[in-house]
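# model the structure of this input:
(one chain, ligands or ions: 1)
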Amino acid sequence: MSDYIQLTNISKTFGKQTVLQPLTMGFEEGMIHGIIGRNGSGKTVLMKMILGILQPTTGTVIVGDKRIGKDVDFPESAGAIIETIEFIPYMSAYQNLADIAAMRGNLSKTQIKEVLEMVGLGNVGGKHVSKFSMGMRQRLAIAQAVMESPKLLILDEPMNGMDEKGVEEMRQLILARKAAGTTIILSSHNIEDIRILCDQVYRIDAGVVMRK
Ligand SMILES: Nc1ncnc2c1ncn2[C@@H]1O[C@H](COP(=O)(O)OP(=O)(O)OP(=O)(O)O)[C@@H](O)[C@H]1O
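Below you'll find the model as predicted:
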């Protein structure tokens, strides 16, 4: 398989702080790539650069065959959970997803209901998000990330706040996306998630990314 993402000499500094040293690497298509590292080591920054949310200080990011920030602003087919996603609290889970779907493309009502079902929110799709627990919000965040079956999934600590059953269901969902050919980048502080799910693991330490 070829690489779906190619990073060439990318680095990131904020003022005098170097978060990532120049890095050249590829992420193979259809695999689950784990990113581990201590708090503040640069996992989210790396993911944001791949998503086009942050510009690298040096270097290039290519996703598919498109250079991010040049050919396209953002990867063409990507879903992400990155930091806290703000849903509109006074709208239902279904309506939140329908509004996002309407902005990005075309998903039928049935498809939105199916994705709510898939993340275990099928029976509360009509409930206002303000009444959701943290774990339920996290499930909704996963729903918005996967609902358009993107070619790339970037999941920054997706199991945060989930109970044991939720974690198991999310693991199955992530494996199902992989089986469908999605390239996945996953960060987690839970070493079990990384061990069970990932084909390849990278650790970020002192700005350097090392393959484990
Ligand atoms: N927009 C920004 N401006 C300035 N500094 C930033 C910005 N975003 C991130 N940083 C800094 O970059 C470093 C890496 O942050 P990052 O969020 O990538 O860490 P992380 O590995 O995801 O941590 P955690 O495990 O806590 O989620 C931190 O020191 C952070 O303060």
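# tally up the residues packed near the nearest residue to Gly126 once chain neighbours are set aside, please.
Counting by C-beta to C-beta, 6 or more residues apart in numbering, Gly126 lies nearest to Ser92, which is 5.0 Å off, once chain neighbours are set aside. For glycine as for every other residue, the C-beta is placed from the backbone atoms N, C-alpha and C. Look at Ser92: counted by other C-beta atoms under 10 Å, it has 18 neighbours.
# cool, Cys198 as well?
For Cys198, using other C-beta under 10 Å, the count is 22.
# again with Met210
Counted with other C-beta under 10 Å, Met210 comes out at 10.
# how much space between it and Ile36?
Look at Met210 and Ile36: by C-beta to C-beta, to the nearest Å, they are 10 Å apart.
# list residues touching both of the two?
Shared contacts of Met210 and Ile36, defined by C-beta atoms under 8 Å, 6 or more residues apart in numbering, are found at 202-204.
# and which of those residues is nearest Ala101?
Nearest to Ala101 among the shared contacts of Met210 and Ile36, counting by C-beta to C-beta, is Tyr202 at 32.1 Å.
# so what's that closest one bridging to?
Beta bridges link Tyr202 to Ile35, Arg211, judged by DSSP bridges.
# neighbour-wise, which of the shared contacts of Met210 and Ile36 leads?
The shared contacts of Met210 and Ile36, ranked by neighbours (other C-beta under 10 Å): first place Ile204, 23 neighbours.
# what strand or helix carries that one?
strand 200-205 (DSSP states H and E).
# which residue is the nearest non-sequential neighbour of the residue nearest to the spatial centre of the chain?
Residue closest to the mean C-alpha point of the chain, counted by C-alpha atoms, centre = their mean, is Ile154 at 2.1 Å. The shortest distance from Ile154 to any residue other than its chain neighbours is 4.2 Å, reached at Ala80 (C-beta to C-beta, 6+ apart).
# great, nothing more from me.
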